[in-house]
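# Here you go, sequence then predicted model.
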Amino acid sequence: MSWTDKARVSAAAQAVRELKDNTIVGLGSGNTILHALELAAERIKKENLRITFIPTSYQVEIAAKKLNLKTTSLDQDTEPELALDGADQVQWRTLDLVKGGGAALLREKIVDSTARRLVIVIDEKKLAKTLGGPQPIPVEITPFGYASTLEKIRRISDKANLRETTGKVGPIVTDNGNLIADVNFRSLRRPEIVHEKLKKIPGVVETGLFLGMADTAYVGRKDGHVDILRKG
């Protein structure tokens, strides 16, 4: 296990302490949340907690069921008390996020924006003074007219490419049947403006810019410590 994996596991171990009895918790997607889910399952069993989870992807839903955890959906429970998620990049002053590396950004944004509190788990390499740079901004787009949508995105960005799969030939297809474009900007000093410009393009469903949403970030350090950052 790499130091970044160990750092995220350490951060997840502290973050799951946020889970309270008799609550609904939204779950992001990706390997960090899979680690957190395993730790949460141990705590739930040990303390006999009653917690129901709202998965944001088939990946996490399947993992939760394998751990015998109770799941629900926003159709049944419309206001989770907490959402637990990872991130690809976190601006350390504002806790603004870039997400979508796991291609689940639309469902994650729906659940994260609905929760009363959003808790993020990362390693220190994902902290940044400014969003963007080498980190692409994932953007979910519709398959219909995708080439035209990509061309419009390229006019306001430095680079934009359709994300390809590694296990088979072809593009990544999200759980919603959409595609993912990875969009690069040299610097995002005004990410809210970029977000609005992208959302105005027909064919763009959602962006991976999660602005003003996170309340707390658990940051695993290389030395084994975990920092807790809070918004404001």
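Received it, and whenever you're ready, just let me know what you need. Small disclaimer: the values here were computed from a predicted structure and weren't measured. Numbers count the residues shown, from 1 in each chain.
# Give the next helix or strand downstream of the longest helix anywhere in the chain.
In the chain, with assignment by DSSP state H, the single longest helix is helix 31-47. Per DSSP states H and E, helix 31-47 leads on to strand 51-55 as the next helix or strand towards the C-terminus.
# neighbouring contacts of that next one?
Around strand 51-55, the neighbours that count as contacts under CB atoms under 8 Å, 6 or more residues apart in numbering are 19-27, 29, 37, 40, 44, 61, 64, 69-74, 77, 80, 111. (Glycine included, C-beta is placed from N, CA and C.)
# For the helix or strand that that strand is followed by, list the C-alpha coordinates in PDB.
Using DSSP H and E, the helix or strand that follows strand 51-55 in sequence is helix 58-66. The C-alpha trace of helix 58-66 is given here as PDB (Å, rounded to 0.1, in the frame of the first residue of the first chain):
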ATOM      1  CA  TYR A  58     -23.400   1.000  -8.600                       C
ATOM      2  CA  GLN A  59     -19.900   0.400  -7.400                       C
ATOM      3  CA  VAL A  60     -20.600   1.700  -3.900                       C
ATOM      4  CA  GLU A  61     -24.100   0.200  -3.800                       C
ATOM      5  CA  ILE A  62     -22.700  -3.300  -4.500                       C
ATOM      6  CA  ALA A  63     -19.900  -2.800  -1.900                       C
ATOM      7  CA  ALA A  64     -22.400  -1.700   0.700                       C
ATOM      8  CA  LYS A  65     -24.600  -4.700   0.100                       C
ATOM      9  CA  LYS A  66     -21.600  -7.000   0.400                       C
END
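# Helix 58-66 packs against which elements?
For helix 58-66, the elements it packs on are helix 31-47, strand 51-55, strand 70-71, judged by 3 or more CB pairs under 8 Å, 6 or more residues apart in numbering; DSSP states H and E.
# Next, the angle helix 31-47 makes with the second one.
This means strand 51-55. Interaxial angle of strand 51-55 relative to helix 31-47 (axes from the mean of the first three to the mean of the last three CA atoms, to 10 degrees): 160 degrees.
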